[in-house]
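> Next come a sequence and a model predicted from it.
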Amino acid sequence: MPIRLPELLSPAGNVEKLEAALRYGADAVYLAGKRFGMRSAADNFTIPELSEGVRLAHSMNKKIYLTLNILPREDMYPALEEYLGEISGIPVDAFIVADLGVVSLLRRVRPDAVIHVSTQASAVSSYACEMYKSLGASRVVLARELSLEEIKRIRDKTDIELEVFVHGSMCVSYSGLCLLSDNLCGRDANLGRCAQPCRWKWRLVDQMYLPDGTPRFAVEESKHQGELYPIEENEYGSFVMSCRDMCMIEHVGELVRSGVDCLKIEGRMKSAYYTAVTANAYRIALDDYAAGREFDPALLTEVSSVSHRDFGTGHYFDRADICEHEGYLRDTAYLATALEDAPAGQRCRFVQRNKAVSGMPAQLLTPGKIGRDFIIGDMWDENDCPINSTPHAGMIFYTALPMDVRAGDIVRGK
């Protein structure tokens, strides 16, 4: 009996990232319009871009899910209803929502809508899943705070589709329902404007004392010196901290066996390179598992090539760990994207993403394959003049690779 693989769902913060996700193996893509999504800082999609994105995905037999997962205040509903009217002719495959008011509005103005309940709803039990099912939802994105064993128990007790996060940023708060950004910056995370102060560079300042002599501590952020924030610690720790990024690439088989319906990658605000690499790695891992092949450790190297924090497995096997390194880690640079097909040894046209230099060790990333090594050889600019580097952002250049190249393939430094 063939193995039923879960859907692979990738993020897209703009058109370039959407195309990367579809090309590199995602079965479906989630994205937002210019309003009402939880990542307002991403470029997001105009209505014409959304329409074209859905057309492209459907031409490839893939799906588009539109996020409407903020927690809208009372005065935002008229604009939300107007927006739903503006996109009524666009056949998105599902809406990802977190608020019961939005569920109610969708059922009234777009009764044909497929509803996926966002992780922002913090569903952690089969009871919650069944209630959302009774309200018309067909899928629940489970809270990231669940263990794998808890997910299996939920799967045994409900037949609604279950979606789980497998890769990307983790939040110190419950399913992202955090007030830290609003309190410190006036940017409400629950309206899609999180400033991610949990990621900032904090330091502990001199100990202070309350009037009764009780010791107290404060923290200060490196770019806001003099602004002291008292902190307290309870049994769960202090909540100015940075969780490790989730990475479940080594545990894809366990996730498949758990019976979940969709594996979701986080990262609408990350680069097209991130989108391509993560989709490609998880696609290969899923297909390898279905074919009975052992996990390839090179896939962990692949996802480590993009900008990321320390990796962990979230809450799947234990409580989420905290980062041990400051900031982001990255092993490679995204150098260029191929603009055309070319056979091995023939010059190919590329668009520059970061500076490449002749003689530099590099890799070519093609859908369905891990990075393949080569040395960058002779290069020419778009006027056919020889060059030894590509210093200008977005410049067009030519070079020949020792392997076949397809339009959309990525060249990265090694």
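Cool, got the structure.

> Where does F95 sit, in terms of helix or strand?
Counting by DSSP states H and E, the secondary-structure element that holds F95 is strand 94-97.

> Output that strand as CSV, restricted to C-alpha atoms.
Taking Å, rounded to 0.1, in the frame of the first residue of the first chain, the C-alpha atoms of strand 94-97 are listed here in CSV:
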residue,chain,number,x,y,z
ALA,A,94,-8.6,28.2,1.6
PHE,A,95,-8.6,31.0,4.1
ILE,A,96,-6.4,30.8,7.2
VAL,A,97,-8.2,32.5,10.0
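
> Can you name the next helix or strand after it?
Assigned by DSSP H and E, the successor of strand 94-97 is helix 100-109.

> Off-centre distance for that following helix?
Offset of helix 100-109 from its chain centre (C-alpha atoms, centre = their mean, to the nearest Å): 26 Å.

> pLDDT on it, on average?
Here helix 100-109 scores 96 as its mean pLDDT.

> buried ones in it?
G101, V102, V103, L105, L106 (16 or more other C-beta atoms under 10 Å). Heads up, the C-betas are built off the backbone N, CA and C, glycines and all.

> Reformat the residues you listed into TSV and put distance to A342 next to each item.
Listed next are those as TSV, based on distance: C-beta to C-beta, whole Å:
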residue	distance to A342
G101	53
V102	47
V103	50
L105	50
L106	47
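
> Can you tell me which of the residues you listed is nearest Y65?
Taking C-beta to C-beta as the measure, Y65 lies nearest L106 of the buried residues of helix 100-109, at 13.2 Å.

> Contacts only, for the closest one.
Listed by C-beta atoms under 8 Å, 6 or more residues apart in numbering, the contact partners of L106 are L68, L84, F95, V97, A113, I115.

> ok, which pair from those is furthest apart?
Top of the distance list for the contacts of L106 (C-beta to C-beta): L84 and I115, 12.7 Å.

> Do you have the strands of the stretch 51-200 of the chain handy? List them.
63-68, 94-97, 115-117, 137-141, 161-168 (DSSP state E, counting those that start in this stretch).

> Minimum distance to R283: which of these has it?
strand 161-168 (12.2 Å).

> Let me know the average pLDDT across the closest one.
96.

> and the helix or strand hosting L8, average pLDDT?
Element membership of L8, judged by DSSP H and E, is strand 7-11. Average pLDDT, strand 7-11: 98.

> Contacts made by it with the rest, please.
Against strand 7-11 from outside (C-beta under 8 Å, 6+ apart): 17, 21, 25-31, 65, 163, 168, 261-268, 270, 275, 278-279, 282-283, 286.

> tell me the angle it makes with strand 161-168.
Between strand 7-11 and strand 161-168, the angle comes out at 50 degrees (axes from the mean of the first three to the mean of the last three C-alpha atoms, to 10 degrees).

> Next, the angle strand 63-68 makes with strand 7-11.
Going by the same axes, to 10 degrees, strand 7-11 makes 50 degrees with strand 63-68.

> Number the chain from 3, please
From this message on, residue numbering opens at 3, which makes the last subject strand 9-13.

> got the angle between strand 9-13 and strand 139-143?
70 degrees.

> separation between A191 and R311?
18 Å (C-beta to C-beta, to the nearest Å).

> again with V407
32 Å.

> ok, of the buried residues of helix 102-111, which one's closest to R155?
For the buried residues of helix 102-111, the minimum distance to R155 (C-beta to C-beta) is 25.1 Å, reached by V105.

> Enumerate every residue touching K416.
K416 touches T334, P363, A364, Q365, G373, D375, counting by C-beta under 8 Å, 6+ apart.

> From R25, how far off is the second one?
For P363, the distance to R25 (C-beta to C-beta) stands at 25 Å.

> So for those two, which sits in the more crowded spot?
The neighbour comparison of P363 against R25 (other C-beta atoms under 10 Å) goes to R25, with 20 against 10.

> that older thread, parallel or antiparallel, which strands does the strand holding L10 pair with?
Sheet pairing of strand 9-13 (DSSP bridges) gives strand 30-33 (parallel), strand 264-267 (parallel).

> For it, C-alpha coordinates in CSV please.
Extracted C-alpha coordinates of strand 9-13, given in CSV (Å, rounded to 0.1, in the frame of the first residue of the first chain):
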residue,chain,number,x,y,z
GLU,A,9,1.0,18.2,2.0
LEU,A,10,4.1,20.4,2.0
LEU,A,11,3.1,24.0,2.6
SER,A,12,5.6,26.9,2.1
PRO,A,13,5.5,30.6,2.9
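
> Buried ones in the helix or strand that comes right after that strand, by neighbour count?
Next in sequence after strand 9-13, counting helices and strands by DSSP H and E, comes helix 17-25. Neighbour counts over helix 17-25 (16+ other C-beta under 10 Å) mark V17, K19, L20, E21, A22, A23, L24, R25 as buried.

> Ok, stretch 58-71 next?
Here stretch 58-71 shows L58, A59, K64, K65, I66, Y67, L68, T69, L70, N71 as buried, counting by 16+ other C-beta under 10 Å.

> From what I see, the second one and L68 are in contact.
No. The criterion here is C-beta atoms under 8 Å, and A59 misses it with L68 at 11.6 Å.

> separation between L206 and E223?
12 Å.

> mind checking how far the residue nearest to C187 when sequence neighbours are not counted is from A191?
What sits nearest to C187 in space, not counting adjacent residues and going by C-beta to C-beta, 6 or more residues apart in numbering, is A197, at 4.5 Å. For A197, the distance to A191 equals 8 Å [C-beta to C-beta].

> Comparing these two, which residue is more hemmed in?
A191 (24 against 17).

> re earlier: TSV please, covering the strands paired with strand 9-13 and showing mean neighbour count, distance to P13 and mean pLDDT.
As requested, the strands paired with strand 9-13 are arranged in TSV below (neighbours: other C-beta atoms under 10 Å; distance: least, C-beta to C-beta, whole Å; pLDDT from 0 to 100):
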stretch	mean neighbour count	distance to P13	mean pLDDT
strand 30-33	27	6	97
strand 264-267	24	6	98
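
> ok, back up a step: quick one: which of the contacts of L108 is nearest to A344?
F97 (40.9 Å).

> Neighbour count: L86 and I117, which is higher?
I117 (23 against 20).
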